[in-house]
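In: got a sequence here, can you model it:
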Amino acid sequence: MSDVLLDRPELSGLGVYEFGWSDSDAAGASARRGISPEVVTDISNLKSEPEWMLQRRLKALE
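Out: Alright, predicted model coming up:
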């Protein structure tokens, strides 16, 4: 146990998610710097989003 946890026991539970569920970050792993319609489309495809969601995101980007 680290010294920080000994000094601050309320921090011992941080970083432990009790429900065992999380999203992978596959979309963020391949994203390029900056935002463009191509980046939005790539991320949407990686997340298998429906076409209407992609169109809404692209419209918001304009």
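
In: from residue 7, how far off is residue 56?
Out: Remark: distance between residue 56 and residue 7 (CB to CB, to the nearest Å) = 48 Å. To be clear about C-beta, it is placed using only N, CA and C from the backbone, and glycine gets the same treatment.

In: likewise for residue 46?
Out: 42 Å.

In: those two: which is more packed in?
Out: residue 46 (15 against 8; other CB atoms under 10 Å).

In: quick one: that one from residue 11, how far?
Out: From residue 46 to residue 11 the distance is 34 Å (CB to CB).

In: same check on residue 44?
Out: Distance from residue 44 to residue 11, by CB to CB: 37 Å.

In: what's near enough to touch residue 59?
Out: Listed by CB atoms under 8 Å, 6 or more residues apart in numbering, the contact set of residue 59 is empty.

In: could you say which helix or strand holds it?
Out: For residue 59, the element it lies in under DSSP states H and E is helix 51-61.

In: give the buried residues for that helix.
Out: Of all the residues in helix 51-61, those buried under the rule 16 or more other CB atoms under 10 Å are residue 54.

In: state the mean pLDDT of it.
Out: The pLDDT scores in helix 51-61 average 97.

In: may I have it exported as PDB, CA atoms only?
Out: Presented in PDB, the C-alpha positions along helix 51-61 are these (Å, rounded to 0.1, in the frame of the first residue of the first chain):
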ATOM      1  CA  GLU A  51     -26.700   6.400 -39.800                       C
ATOM      2  CA  TRP A  52     -29.100   9.000 -38.200                       C
ATOM      3  CA  MET A  53     -26.600   9.500 -35.400                       C
ATOM      4  CA  LEU A  54     -23.700  10.100 -37.800                       C
ATOM      5  CA  GLN A  55     -25.800  12.600 -39.800                       C
ATOM      6  CA  ARG A  56     -26.700  14.500 -36.600                       C
ATOM      7  CA  ARG A  57     -23.000  14.600 -35.500                       C
ATOM      8  CA  LEU A  58     -21.900  15.800 -38.900                       C
ATOM      9  CA  LYS A  59     -24.600  18.500 -38.900                       C
ATOM     10  CA  ALA A  60     -23.400  19.700 -35.500                       C
ATOM     11  CA  LEU A  61     -19.900  19.900 -36.800                       C
END
